[in-house]
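Return a 3D structure for these sequence lines:
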Amino acid sequence: MKIDYDRSLNTEQLEVVKNGEGYCLVLAGAGSGKTRTLVYRVAYLLENGVSPKELLLLTFTIKAAKEMLSRVEVLLGSSLSGMWGGTFHHVCNRILRKFAPRLGLSQNYIILDDEDSKALFAQCIRDVNSDKSVKGFPSAGFFSYLRGISINTLQPWEDILRNMFEEFTQFYFPIKQVFEMYERRKQEGGLVDFDDLLLLTYRMLRSDKEIRDYYARRFKYVLVDEYQDTSSLQAEIVELLSSHHRNLMVVGDDAQSIYSFRGATIENILNFPKRHPDAKVFYLNQNYRSTPEVIYLANSAIENNQRAFKKQLKAVAVDSGELPLVANLGSAEDEARFIADQIGLFLEEGIPPNQIAVLFRASYHSAKLELSLASRGIGYIMRGGVRFFEQAHIKDVIAYLRVLYNPKDYMAWQRLLCLYPGIGPQTARKLYLLLRDMDLMNINVEDLPRVSSKAKGSLRKIVNIFSSIKNLSLSEACRWILEEGYWDYLRENFDDYTQRQEDLIYLLDFLKGYQDLETLFSDIGLNENFKKELGGTDSVVLSTVHQAKGLEWDVVFVMGVVDGQFPHAKSLREEGGIEEERRLFYVALTRAKRHLIITSPTMSFDYRFGGDVPKRSTFIEELPKDGYKEYCVGGINSSLVW
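The predicted structure follows:
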């Protein structure tokens, strides 16, 4: 053999690579060399005479598949021509293209991307609700999400609607009409969407024995990466493709199953040994990423989950002598200042900015921190998302305040006018030219020339809002704007409206820190200018924990660790929710290589109770006292605290 496996792998990895016949579950802890193990397993099979055509590697990104196959080719010095490797959608598309006519589908079908799918749903919604008599009807994005969850969990969409979106059950019949029209128009146009690639392949494999046998016999070995993130539908496809040779290796970590909102289910990995009683279970517990101190704390955090495989990560690195830090802070402002100051000091010590990350449970947690970093001239990038004040719904609401502050603000007028029926971009421009020199509080809508009655009706609502908010505090003014129509607009136009609602509720609290519009817009303006000048690849990373999975940094801050935020309040109302939140916390902790800092602003606003709730997170209370140092601060800190 070209590869010396005994020298290239540790004992745990070697066991997987050499003894991975039959049904195998590989429980690969964070930083344990999961990808390396899969790469060497593929290489080992090929060196033992298995043809590349007999292998199927399923991953969650095309990038991951290409990286793994490339590494195998480098190890062996030969091409993997004929081997199938890619995402579930990629593999299912290859199968579907070959046998599409058996489903009454043309082989030259067109795949709708997410935007195309939403556009088609939008057309169907317009046709079903052509006179717009149904008010508060869900958006095209909502239909796309509901259908995707239904397909991936193999549950009727009606059940999901009742269980997750009770507020929309009143629209059951028009929703049913939209779904029926969507399916009919796809069929008429020879179209399939991303979810169809999985669903149609599954149906074909399950119902057509000839096709099922063709692929199940071809793929002698099936390997699946990130198995904890598979949906019920994906798991069923895997079972069908491996049903002949029964050589199925699934690799994952139940402790990092955090995507139930996408339709993933932890049940797949937890129940694998029950589904296959003869399955071998391997453990990869050696962590090559973090210090022993970080690993000790992470192990302690996740051991409180009951529905889990019991295992312990072991750090390969030697003790660093530095315990993780839990910083007990007063307010969210204190937290933002503290983190920004500590980041500045890390930078002074020579740690590269792109080796520093701040992780949070939800995107709105970063708002105050963004302003604190901007005021210190510290460059940052928002990974996988949009900065707080750049988000559409935040800019929509802020637009009202901008007009209140400067009635000649063209961009703000244009934005808020286009939120209303009867007003498009051209009408908004015309209205702006009429309104810019008028007294905002004394606009006579009836006197405006060449304006449609529908646009006048919308303009009356806008004028009434300005009249009502002129003497309110900024937070109360914002609340009035939301209650006078924007909540409805949000629900009708955004599929992720519940997350955006949380952002806006946070904005209410954020505005409590401001007494006047001048100070507010100076701070926001600083943030906007900073975005253009300092943000770059060599910057501090801000990210939700979900977006950070699979990544690592020398320094990791986990912020907003208070009950109601982390764990999120809604997790307490969902079955299994608190355990998924704890897994999310575990993922956050295991991103840190050397320095781990958990911040808990115990006087952080908690909208569930309408006031300040001084309670740090249950997850911190569960940690062993000997696993971290504590630090309390009520204001700006001027030195590194460890």
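
mind checking how far Gly33 is from Leu57?
For Gly33, the distance to Leu57 equals 17 Å [CB to CB, to the nearest Å]. To be clear about C-beta, it is placed using only N, CA and C from the backbone, and glycine gets the same treatment.

neighbour count winner among these two?
More neighbours surround Leu57 than the other of Gly33 and Leu57, with 26 against 21 (other CB atoms under 10 Å).

So that one, which state does it fall into?
strand (DSSP: H, G, I helix; E, B strand; the rest coil).

Beta-bridge partners for it, please?
Gly85, Leu223 (DSSP bridges).

Show the pLDDT at it.
Here, the pLDDT recorded for Leu57 equals 96.

Please apply the same query to Gly20.
96.

Extract the CA atoms of stretch 148-168 and return them as PDB.
What follows is stretch 148-168, C-alpha atoms only, in PDB (Å, rounded to 0.1, in the frame of the first residue of the first chain):
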ATOM      1  CA  GLY A 148     -39.600  22.100   2.700                       C
ATOM      2  CA  ILE A 149     -40.200  21.200   6.300                       C
ATOM      3  CA  SER A 150     -43.100  19.000   5.400                       C
ATOM      4  CA  ILE A 151     -41.100  17.100   2.700                       C
ATOM      5  CA  ASN A 152     -37.900  16.700   4.800                       C
ATOM      6  CA  THR A 153     -39.700  15.500   7.900                       C
ATOM      7  CA  LEU A 154     -42.100  13.300   5.900                       C
ATOM      8  CA  GLN A 155     -45.100  15.000   7.700                       C
ATOM      9  CA  PRO A 156     -48.200  16.400   6.100                       C
ATOM     10  CA  TRP A 157     -48.000  20.200   5.800                       C
ATOM     11  CA  GLU A 158     -51.400  20.500   7.500                       C
ATOM     12  CA  ASP A 159     -49.900  19.000  10.700                       C
ATOM     13  CA  ILE A 160     -47.000  21.400  10.600                       C
ATOM     14  CA  LEU A 161     -49.300  24.300  10.000                       C
ATOM     15  CA  ARG A 162     -51.400  23.400  13.100                       C
ATOM     16  CA  ASN A 163     -48.400  22.700  15.300                       C
ATOM     17  CA  MET A 164     -46.000  25.400  14.300                       C
ATOM     18  CA  PHE A 165     -48.000  28.200  12.700                       C
ATOM     19  CA  GLU A 166     -51.400  28.200  14.400                       C
ATOM     20  CA  GLU A 167     -51.900  31.900  13.400                       C
ATOM     21  CA  PHE A 168     -52.200  30.800   9.700                       C
END
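
which residues touch that stretch?
138, 142, 146-147, 169, 172, 175, 179, 194-195, 198-199, 231-234, 236, 262-265 (CB atoms under 8 Å, 6 or more residues apart in numbering).

Buried residues, stretch 230-247. List them.
Neighbour-count burial for stretch 230-247, counted by 16 or more other CB atoms under 10 Å, picks out 230-245, 247.

Check stretch 115-129 too.
Under the neighbour-count criterion of 16+ other CB under 10 Å, stretch 115-129 has 117-118, 120-122, 124-125, 128-129 buried.

Could you save those residues as a markdown table and add columns showing pLDDT and distance to Thr602?
Listed next are the buried residues of stretch 115-129 as a markdown table, based on pLDDT from 0 to 100; distance: CB to CB, whole Å:
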| residue | pLDDT | distance to Thr602 |
| --- | --- | --- |
| Ser117 | 89 | 44 |
| Lys118 | 88 | 41 |
| Leu120 | 91 | 48 |
| Phe121 | 93 | 44 |
| Ala122 | 90 | 45 |
| Cys124 | 93 | 48 |
| Ile125 | 92 | 45 |
| Val128 | 90 | 49 |
| Asn129 | 81 | 47 |
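
on that earlier part again, now, of the contacts of stretch 148-168, which are buried?
By 16+ other CB under 10 Å, these give 138, 142, 146-147, 175, 179, 194-195, 198-199, 231-234, 236, 263-265 as buried.

how long is stretch 79-93 from one end to the other?
23 Å (CA to CA, to the nearest Å).

quick one: strands adjacent to the longest strand along the chain?
Assignment by DSSP state E gives strand 592-601 as the longest strand of the chain. When pairing is defined by DSSP bridges, strand 592-601 lines up against strand 325-329 (parallel), strand 553-558 (parallel).

quick one: contacts of the longest one?
Residues from elsewhere that reach strand 553-558, judged by CB under 8 Å, 6+ apart: 339, 342-343, 346, 351, 354-360, 541, 545, 566, 585, 588-589, 591-599.

residues in contact with Val451?
Contacts of Val451 (CB under 8 Å, 6+ apart): 427, 430-431, 434, 445, 459.

mind showing which ranges of this protein have poor pLDDT?
131, 133, 384-386, 522, 525-537, 604-614, 633-642 (pLDDT under 70).

Now do Ser473 against Leu511, distance only.
Distance from Ser473 to Leu511, by CB to CB: 8 Å.

and the two? which has more neighbours close in?
For the pair Ser473 and Leu511, the greater number of neighbours falls to Leu511 (19 against 13), based on other CB under 10 Å.

where does that one sit relative to Trp84, distance-wise?
Counting by CB to CB - Leu511 and Trp84 are separated by 54 Å.

and Asp626, how far is that from Tyr586?
Applying CB to CB to Asp626 and Tyr586 gives a distance of 19 Å.

Tell me which of those two has more neighbours.
Tyr586 (26 against 9).

how about that one, what does it touch?
Applying CB under 8 Å, 6+ apart, the residues contacting Tyr586 are 30, 255-256, 298, 301-302.

Now tabulate those in a markdown table and tack on distance to Lys18, neighbour count and secondary structure.
Listed next are those as a markdown table, based on distance: CB to CB, whole Å; neighbours: other CB atoms under 10 Å; DSSP: H, G, I helix; E, B strand; the rest coil:
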| residue | distance to Lys18 | neighbour count | secondary structure |
| --- | --- | --- | --- |
| Ala30 | 24 | 25 | coil |
| Ala255 | 26 | 26 | helix |
| Gln256 | 26 | 23 | helix |
| Ala298 | 29 | 31 | helix |
| Ala301 | 33 | 23 | helix |
| Ile302 | 29 | 27 | helix |
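
just these now: which is nearest Leu416?
Ranked by distance to Leu416 (CB to CB), the contacts of Tyr586 are led by Gln256 at 42.3 Å.

before we move on, the earlier item: kindly indicate which of the contacts of Val451 lies nearest Leu14.
For the contacts of Val451, the nearest to Leu14 is Thr427 (69.9 Å; CB to CB).

how distant is stretch 217-229 from the center of its chain?
25 Å (CA atoms, centre = their mean, to the nearest Å).

So that it lines up with my notes, have the first residue be 29 from now on.
Yes, from this point I'll number from 29; that puts the last item at stretch 245-257.

Thanks a lot, see you next time.
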